[in-house]
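Chemist: any chance you can model this:
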Amino acid sequence: QNHSLSINGGNGRTNYNIALGYLHQDGMMKINSDNYTRYNANISLNSELNKYISVRTGVMFTRSDYDKPFNYGSDLYDHMYYLYRWQPMMPYGTFEGKEFRNALTELKSAPTTTKEREYMRLTGGATIKPIKDLSIDIDVAYSSIETRYKKYGTPSLTSGYEIFSARPTVEALRNSYGNYVSSSYDYIYQETGRTENITANIVATYAKRWGDHDFKAMAGSNLEKSEYKYYWAQRKNLLDPGKAELNLATGDQTTSSEHTWWSVAGFFGRINYAYKDRYMLEVNGRYDGSSRFAKGHKWGVFPSFSAAWRISEEGFMKNLGFVDNLKLRASWGQTGNERIDAFMYLPQYNTSNVVMNGSLVSAVYQKKMANPDVTWETVEQTNIGLDFGFLNNTIYGELDWYSKDTKDILLALGIPHFIGLDAPEQNAGVVRNSGVEAMVGFRKTFGEFTFNTSFNLAYNKNEWIDRGGDDKNISGYNIQTIGSPL
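Modeler: Residues are numbered from 1 along each chain as shown. So this is what the prediction gives:
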């Protein structure tokens, strides 16, 4: 089943949209089949309060439920797998009203495993135009994803005639009837995970044209924070297979959890200038900070520049009627990468069980050294290119040369073995990607028919430039040296 409802309207200054949806799908099996259900809603509202201010808001919500029979094995080898694998002559019926051991027997008695997922997103924003040619956009968003998973096994409820061994007589077959599922499946398992994200952006843009001069400036900031919480718990020996709860089991119990968070802040600006659409210049700058680094290394500055000259607009090119477009461009810039594991600047510890004074006790030990100096990876790229178009752009194409250096790549450089700890990652590596790319195309219209084709050619070289002194690293069958590809 798939149903949807959409409602929208407005009066020109205020507009709204409401979209609702429902989806339900059943699985292939006639017995204890799996099923999937999804509910979703999306509501948005935009309003122009006056000529200076307009606002917008939105709500999105999705919930999905997936129910399937418990699998006495791994997810890879489910009931459908064994129905295909086991021979067709295997008995799937009953003998004296009792089941045989097979996938259908397990399917009939299997309890339900549930997977639930909820996604919610709330947005709000405004555009402010305090003066002519200036606009300020403010947007805030909150989103959350929560997943819940629960499964439990009831091996005591699954019985059948054991036919995996030969039974010479009917009496031997009768005597083989019983429970055949391992008691290790007598447990309940639950897990819950939740991710929350908050983002805020503010961007101010000013654009102005004076005669042959085009000017545009943009400045803003973006903030983002994310937090993830997760736990799981398991306990064995259910008191009642019909009441599967953690507190209604009496066996061994195990649990664990995870909690991570990170945040980033960025401030950026850009200036564009063009004269007669012939000479173009762009200057960018970013000042970014990340919680993934220690104090003193959280912030990085990343500038970039680009320029272009539209040669075909020059007066001395006007007499060349076959040239429609000829533009030379060049750029240089840096960007930062902070997507690394959180808290690498702190010591990492593990837990284990050790015997002390004849007793088993829990212990905590340091596994990996910390690197308080870990910081941003920087990607620095230079590009020079030429765009062209001839004969009413019938023949067109692009030529590009580029060189991209990824600097301060994290490497686990060797440390003396007597330290007894894993080596920390250090910003020590440099990898270069350089090459050329060319594209030539042909485009021609014949009446109502347009023919367009292009030819592309590319050459790229990838190599290590610096490995922080570890100039020959051997890992399994791979050897990485200066000059070798990544």
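Chemist: only C-alpha atoms from now on, for both contacts and neighbour counts.
Modeler: Will do.
Chemist: which secondary element of this protein has the worst mean pLDDT?
Modeler: Using mean pLDDT, DSSP states H and E, the weakest-scoring helix or strand in the chain turns out to be strand 472-475, at a mean of 72.
Chemist: got the buried residues for that one?
Modeler: For strand 472-475, burial by neighbour count (16 or more other Cα atoms under 10 Å) applies to no residue.
Chemist: who does that strand touch, helix- and strand-wise?
Modeler: strand 478-481 (3 or more Cα pairs under 8 Å, 6 or more residues apart in numbering; DSSP states H and E).
Chemist: what's the model's confidence in the strand it packs on, averaged?
Modeler: On average, the pLDDT along strand 478-481 is 80.
Chemist: kindly report the same for stretch 214-224.
Modeler: 96.
Chemist: ok, now which ones touch H79?
Modeler: By Cα atoms under 8 Å, 6 or more residues apart in numbering, the contact list for H79 reads N71, A103, L104, L107.
Chemist: so is the third one in a helix, a strand, or just coil?
Modeler: Reduced to three states with DSSP: H, G, I helix; E, B strand; the rest coil, the structure at L104 is helix.
Chemist: any idea how far it lies from Y36?
Modeler: Counting by Cα to Cα, to the nearest Å, the gap from L104 to Y36 is 21 Å.
Chemist: and P168, by the same measure?
Modeler: Taking Cα to Cα, one finds P168 at 45 Å from Y36.
Chemist: the more surrounded of those two?
Modeler: Y36 (15 against 8; other Cα atoms under 10 Å).
Chemist: what about that one, which helix or strand?
Modeler: strand 35-48 (DSSP states H and E).
Chemist: direction included, what does that strand pair up with?
Modeler: strand 14-26 (antiparallel), strand 53-69 (antiparallel) (DSSP bridges).
Chemist: list of residues touching the longest one?
Modeler: Think strand 53-69. 32-49, 107, 110-129.
Chemist: dump it to CSV, restricted to CA.
Modeler: Extracted in CSV, the C-alpha atoms of strand 53-69 (Å, rounded to 0.1, in the frame of the first residue of the first chain):
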residue,chain,number,x,y,z
ILE,A,53,12.0,40.8,5.7
SER,A,54,10.8,37.4,4.6
VAL,A,55,10.7,34.3,6.8
ARG,A,56,10.6,30.6,6.2
THR,A,57,10.2,27.5,8.3
GLY,A,58,9.8,23.7,7.8
VAL,A,59,9.2,20.5,9.6
MET,A,60,10.0,17.0,8.3
PHE,A,61,9.3,13.8,10.1
THR,A,62,9.8,10.2,8.9
ARG,A,63,9.3,7.0,10.9
SER,A,64,9.9,3.5,9.5
ASP,A,65,9.2,0.1,11.1
TYR,A,66,10.7,-3.1,9.9
ASP,A,67,9.6,-6.3,11.5
LYS,A,68,11.0,-9.7,10.6
PRO,A,69,11.1,-13.2,12.1
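Chemist: doesn't F164 fall inside a helix?
Modeler: No - F164 is assigned coil when assessed by three-state DSSP, not a helix.
Chemist: count the neighbours of it for me.
Modeler: Neighbour number of F164 under other Cα under 10 Å is 9.
Chemist: gap between it and F100?
Modeler: For F164, the distance to F100 - Cα to Cα - is 10 Å.
Chemist: that older thread, tell me which two in the contacts of H79 are the farthest apart.
Modeler: The most widely separated members of the contacts of H79, counting by Cα to Cα, are N71 and L104 (11.5 Å).
Chemist: so where's this structure shaky on pLDDT?
Modeler: Applying pLDDT under 70 to the chain flags the ranges 87-89, 475-476.
Chemist: in it, which residue is most central in space?
Modeler: R339 (11.7 Å; Cα atoms, centre = their mean).
Chemist: so it lies in a strand, does it not?
Modeler: No - counting by three-state DSSP, one finds R339 to be coil, located in no strand.
Chemist: which single one of the contacts of H79 is nearest to G9?
Modeler: So of the contacts of H79, ranked by how close each gets to G9 (Cα to Cα), first place is N71, at 48.8 Å.
Chemist: any idea how far A274 is from the closest residue to the closest one other than its chain neighbours?
Modeler: Nearest residue to N71 in three dimensions, chain neighbours excluded: D78, at 6.0 Å (Cα to Cα, 6 or more residues apart in numbering). Relative to A274, D78 is positioned 64 Å away (Cα to Cα).
Chemist: so the two - more neighbours on which side?
Modeler: Ranked by neighbour count (other Cα under 10 Å), D78 and A274 place A274 first, with 19 against 16.
Chemist: run me through the strand neighbours of the helix or strand encompassing the more buried one, direction for each.
Modeler: Under the criterion of DSSP H and E, A274 resides in strand 253-275. According to DSSP bridges, strand 253-275 has the following sheet partners: strand 213-236 (antiparallel), strand 279-290 (antiparallel).
Chemist: quick one, phi/psi of Y72?
Modeler: Note on Y72: its backbone torsions stand at phi -80, psi 70 [degrees, to the nearest 10].
Chemist: isn't it up against S184?
Modeler: No - applying Cα atoms under 8 Å, one finds Y72 not in contact with S184, separated by 9.8 Å.
Chemist: quick one: contacts for the residue nearest to I415 when sequence neighbours are not counted?
Modeler: Distance criterion Cα to Cα, 6+ apart; nearest residue to I415, sequence neighbours excluded, is A423 at 6.1 Å. If you count contacts by Cα under 8 Å, 6+ apart, A423 has them with K368, M369, A412, L413, G414, I415.
Chemist: can you tell me which of those are buried?
Modeler: K368, M369, L413.
Chemist: quick one on the thing from earlier: among the contacts of A423, which lie within strands?
Modeler: K368, A412 (DSSP state E).
Chemist: reformat the contacts of A423 as TSV; add distance to G300.
Modeler: As requested, the contacts of A423 are exported to TSV (distance: Cα to Cα, whole Å):
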residue	distance to G300
K368	26
M369	24
A412	22
L413	24
G414	27
I415	28
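Chemist: ok, which stretches of the protein are helices?
Modeler: Using DSSP state H, the helices of the chain run over 79-85, 103-109, 170-175.
Chemist: and the first one, what's buried?
Modeler: Across helix 79-85, burial judged by 16+ other Cα under 10 Å covers H79.
Chemist: and that helix, how far from the chain's centre?
Modeler: Relative to its chain's centre, helix 79-85 lies at 33 Å (Cα atoms, centre = their mean, to the nearest Å).
Chemist: could I have that helix exported to PDB, CA atoms only?
Modeler: Taking Å, rounded to 0.1, in the frame of the first residue of the first chain, the C-alpha atoms of helix 79-85 are listed here in PDB:
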ATOM      1  CA  HIS A  79      15.300 -18.700   6.200                       C
ATOM      2  CA  MET A  80      15.100 -17.900   2.500                       C
ATOM      3  CA  TYR A  81      18.700 -19.000   2.100                       C
ATOM      4  CA  TYR A  82      18.000 -22.400   3.500                       C
ATOM      5  CA  LEU A  83      14.800 -22.800   1.500                       C
ATOM      6  CA  TYR A  84      16.900 -22.500  -1.600                       C
ATOM      7  CA  ARG A  85      19.900 -24.500  -0.300                       C
END
